[in-house]
Structures are given as C-alpha cells and as structure tokens.
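Engineer: Here is my input; please provide its structure:
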Amino acid sequence: MELGLKYATHMLKNLLSASLPGWSDMNRIRVISWNFTDASRTLEAVLSAGQEFIINRLKSLGISSYVVLETCNRMEVYYESENSLRIEGLPDPTSEYSREEAAKHLFRVSSGIESMSAGENEILGQVKDSFERSVEAGCVGKPLSLLFRKAISVGKACRERTGISRGKVSIPHFVVDTVEESFGINGKNVLVVGTGKMASDICKYVLGYFPGSITITGRNSASAKELANSLGVNVIPYDLVNQRAVASDIVMTATVAKEFIFTAERVRDIGGSRCYVDVSVPKNIDPSIAQLNGNILISTDSIIDQLNENRRRREAEIEKVTRIVDEELSNFLSKMSESRAEDFLSEVYNYSRAIESEEIEKFESAISAGRDPVEAASMMLRSALGKTLSPLTFAVKRMIREDGSKSVDEILDIMSREFIRDFLKYSGQTADLPGRRSPRSQIPQLSQKP
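Structural biologist: Down below sits the predicted model:
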C-alpha cells in the first residue's frame, strides 16, 4: 500500500504543479491604505481618528487578525477576511490589495521604496514595531505573522544588497537641511515638541548645525526627560511650552497629537517672528501662521522637490530593490504552496494509516477462519487501495462537476474534506482533526520523486 500511496502522491504533485500558486489561509489577507495626498488630506482625516478608533471598528466587524501600520505618509490596515473592508466614519481607502498583491505591497513598503523619501530606514522599524504590538495584543493569526516576518526579512535584505538607504534618506534630515538653508540654525535657540523617534532624529540633525540651545518638551514628561538626557539637551514641563516658544528662534513639532498644538491664535499670543517646523502627521501647526508676523513655516510639504530629487537619484537602486522584492515574493508564494500541499499529503497519510489498521484486522480474521493467505492478502490490498483512492476519485469528480478551473487551495480544500470525512469513518473518530499530522519525515517531500 505504501507503494500505491507514493504513486498517488506523485500524481497529486503533478496536479498541483499544473495549477496556479496558492496560499491556503493566506488568500484571506487584505490591506487597505490611506496615502498622503495634498489635495484631499485623506490621510490626515484618518490619522485624526486614530489607531484606537480603527482597532475598535475592526473588532466590531469581527476582524480578529490585523496589523495597523502608521507612518509619516500612510495609514494601513492589514487584516484577514474573505471580504473587502470599509470602516464607517473614515474616508474610503486610497488603495486596496489582496492575496499576493498585499504581500508584494508590504515587501515594497518595508524595503523603503514606497516611502516619501525613497530608501528611508525608519519604515522598517515602523513595520516591525506595528507587527510586534499586534502580536503582544494577541491579534495576529498565522498567515499575517508569516507575511510580516518575511516582509521584515525582505526589508533587511534590500538594504544589505543595495545602496537604497545610503546617504541622506530620512525626512527629518531633509527638513533640518531646509531650515538651515532658509533660516539658519547656528547659534539659534530651538524648541522641539515631541518625544518619539522623529523628535529624536530631528534633535540629532539639529545638533550637527551647532545651535545655541535645544529644549525638549512633551505631554509625556518621563519620555521627554529620557530623550533630553540621552542627547544632553534641556527639558521643560509641557505646560511651559508657550513661555519657551517666546524665547526660541525655531519651534519644531514632531508628535502624534490629533489637533493643532500651535494654532493661529496661540502664535499671535507668542508674538514675534520665528521659524516654525512641523514634521507631525497629522499636522500640529496651523498652516495659516505662515502669514502672521513674518513667520516661516517649514513642513513635509516644503521638501517635496528634495524628495523627488532623492527618488530620481536612487532610480537604479529602486530597480534593484524591485527585482529583489519580486524574487522574494515568488519564493515566498512557492514555500506557502509547498507547505499547504505537504499538510494535505500528511492528511492523506493519516487516512491511509486508519485504513491499514482496519484491513489488517480483516486479514487476520480471514487467516484465522482458514482462508487462503494469498487470496486474503489480495483482497486486503484491493480493498485498501480502493478506499485510499476513493476520496481522491470523489474529489476530482466534484471539481469537474462544479468547476474545472480551480486554484491549488480550492483543490486541496476539496480533497482534504473528502479525506478527513473518510478518515473519521474508518478511524471511528467523530471530530475534525486540527493539528493531527504524520511526521513530515514519513511523507515524500515535494522535491522528491516517488
């Protein structure tokens, strides 16, 4: 019977290799994305709602496996579902992907070529942090986990194998350079509102231009003190932000606050003219302050030309990264299909073991009853092979009757149901068998010949 199973396995391999690549449960992976657009401010509307709002909506819709990714130019929700997702209270997403396109998009995001600043390093950390937060919250299923782990690996590989992230690539770097060119930093007093990585990077780049002083503040006083101590700069309580702004030449915001920190009214009260810098998303400084008292306002909108030039200079590296992403995507899809097929073949072997036990009992009974051993063995083998191939026969007939053009996963699902149904019948069990697998070492691997 083992020989018969090996040839049945070989036949199934040929059948699967002739079909389109499949993912099993990974077919359920989707992503909706809100991207930075000057015209609509769609991203700002979504960011103002906040991740907590989005997560609560996901839970209310019964979505239990998801990762919410927030960056300087996008908010994305990766989730597992059979259906497209729309979140009431938010604008329609600017883009949507599913299955292999969702994987390709995440690989491109983690590699840095979908960022506002091509090749930025920060995005890989943001992907990793978003994934880890979802894991800690217990809201990541196996398919999403496999996808994000691979995406992080692809992001690292792209930076190691190309020059996509060499040189100046971060938004804070471009913004600070613009401040230096437009206003000057040397000897100036700088106030930074914010305590996260963006604020930290801003401070580091400002220090390179030898300011007179840097003062940090934020709503989280402990984080503000920690950041100030790590950089050797000043720190003040958040409720003194107005007073410190009066004494500052440059005021920078880098927070995730949902509202303006510096409104037009607040800037009027502060008085004077100075350089305001806003690298927050959504924006923390009212754009109209640029018309007050000769103030200068610099934001991500101010560096679009530099970002476009950065992308142009990196075109050759972007092409290299694109090739790596496509190669890694192909390998990833192939591995997922192999894994699904081997799980299915494991089910087949479990089923064969149940038949084997039943047929041996019948054979022993026949011998005990005095039946000719050769005849008894022949009947046992015919019966065992017939039962072994029966689910496959019914599955193929069903596929032809219902629809002959099916994906690998649809084929495997139909066959699995047939084999599990008969396994339950012959093994005497009454429940489904999640996790019941024969050791892979007992199953011919897809790369082996029978």
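Engineer: in the stretch 101-250 of the chain, which spans are helices?
Structural biologist: Remark: helices assigned in the stretch 101-250 of the chain by DSSP state H, counting those that start in this stretch are 122-136, 142-161, 171-182, 197-207, 221-231, 241-246.
Engineer: list the buried ones in the fifth one?
Structural biologist: Read it as helix 221-231. 224, 227, 228, 231 (16 or more other CB atoms under 10 Å). In this view, the C-beta of every residue, glycine as well, is placed from N, C-alpha and C.
Engineer: Reformat those residues as a markdown table; add distance to residue 193.
Structural biologist: Formatted as a markdown table, the buried residues of helix 221-231 follow (distance: CB to CB, whole Å):
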| residue | distance to residue 193 |
| --- | --- |
| 224 | 9 |
| 227 | 12 |
| 228 | 13 |
| 231 | 15 |
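Engineer: Determine the set of other helices and strands touching the host helix or strand of residue 357.
Structural biologist: Assigned by DSSP states H and E, residue 357 belongs to helix 315-368. If you count contacts as 3 or more CB pairs under 8 Å, 6 or more residues apart in numbering; DSSP states H and E, helix 315-368 packs onto helix 2-17, helix 99-111, helix 142-161, helix 373-402, helix 408-427.
Engineer: how much does that helix deviate in direction from helix 142-161?
Structural biologist: Compare the direction of helix 315-368 with that of helix 142-161 by axes from the mean of the first three to the mean of the last three CA atoms, to 10 degrees and you get 140 degrees.
Engineer: what mean pLDDT does helix 315-368 have?
Structural biologist: What helix 315-368 shows for mean pLDDT is 83.
Engineer: and which of the buried residues of helix 221-231 is nearest to residue 372?
Structural biologist: Using CB to CB, residue 227 is the member of these that lies nearest residue 372, at 87.6 Å.
Engineer: contacting residues for that closest one?
Structural biologist: Listed by CB atoms under 8 Å, 6 or more residues apart in numbering, the contact set of residue 227 reads 195, 199, 200, 203, 216, 218, 235.
Engineer: Run a quick neighbour tally on residue 45.
Structural biologist: Neighbour count of residue 45, defined by other CB atoms under 10 Å: 15.
Engineer: Same question for residue 364.
Structural biologist: 12.
Engineer: next one: residue 207
Structural biologist: The burial count for residue 207: 16, using other CB under 10 Å.
Engineer: Next one: it from residue 192, what distance?
Structural biologist: Distance, residue 207 to residue 192, using CB to CB, to the nearest Å: 11 Å.
Engineer: which neighbours do the two share?
Structural biologist: residue 214.
Engineer: How far off centre is stretch 128-135?
Structural biologist: 9 Å (CA atoms, centre = their mean, to the nearest Å).
Engineer: Equivalent analysis for stretch 217-229, please.
Structural biologist: 30 Å.
Engineer: now do stretch 238-245
Structural biologist: Distance, stretch centre to chain centre, for stretch 238-245: 39 Å (CA atoms, centre = their mean).
Engineer: want to throw the buried residues of helix 221-231 into JSON lines with pLDDT?
Structural biologist: Output for those, formatted as JSON lines (pLDDT from 0 to 100):
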{"residue": "224", "pLDDT": "94"}
{"residue": "227", "pLDDT": "95"}
{"residue": "228", "pLDDT": "96"}
{"residue": "231", "pLDDT": "95"}
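Engineer: Closest one of the residues you listed to residue 100?
Structural biologist: For the buried residues of helix 221-231, the minimum distance to residue 100 (CB to CB) is 40.8 Å, reached by residue 227.
Engineer: Look at residue 69 and say how many residues are nearby.
Structural biologist: By the measure other CB under 10 Å, the count of residues near residue 69 is 23.
Engineer: Go ahead and confirm it touches residue 125.
Structural biologist: No. Using CB atoms under 8 Å, residue 69 is not in contact with residue 125; the gap is 11.5 Å.
Engineer: before we move on, back to that, out of the contacts of residue 227, what pair is the most spread apart?
Structural biologist: 200 and 235 (13.0 Å).
Engineer: returning to what we had before: ok, the contacts of residue 227 vs residue 55, which is closest?
Structural biologist: Checking these one by one against residue 55 (CB to CB), the nearest turns out to be residue 195, at 22.7 Å.
Engineer: ok now do the closest one, which residues does it touch?
Structural biologist: Applying CB under 8 Å, 6+ apart, the residues contacting residue 195 are 216, 218, 220, 223, 224, 226, 227.
Engineer: Please name the nearest non-neighbouring residue to the fifth one.
Structural biologist: If the residues on either side of it in the chain are set aside, residue 224 comes closest to residue 218, at 4.3 Å by CB to CB, 6 or more residues apart in numbering.
Engineer: From residue 274, how far out is that neighbour?
Structural biologist: Using CB to CB, residue 218 is found at 20 Å from residue 274.
Engineer: Tell me where this structure is predicted with low confidence.
Structural biologist: By pLDDT under 70, the weakly predicted segments of the chain are 1-25, 36-44, 339-344, 347, 399-450.
Engineer: where does the residue nearest to the spatial centre of it sit relative to residue 137, distance-wise?
Structural biologist: Nearest to the geometric centre of the chain sits residue 148, at 4.5 Å (CA atoms, centre = their mean). From residue 148 across to residue 137, the span is 14 Å (CB to CB).
Engineer: go on, residue 153?
Structural biologist: Residue 153 is 22 Å from residue 137, where distance means CB to CB.
Engineer: Which one of the two is surrounded by more residues?
Structural biologist: Neighbour totals were compared for residue 153 and residue 137, and residue 153 leads with 14 against 11 (other CB under 10 Å).
Engineer: how does the protein divide into domains?
Structural biologist: In terms of domains, the chain is parsed into 2-21+333-442, 24-167+314-328, 171-301 (source: automatic domain parsing).
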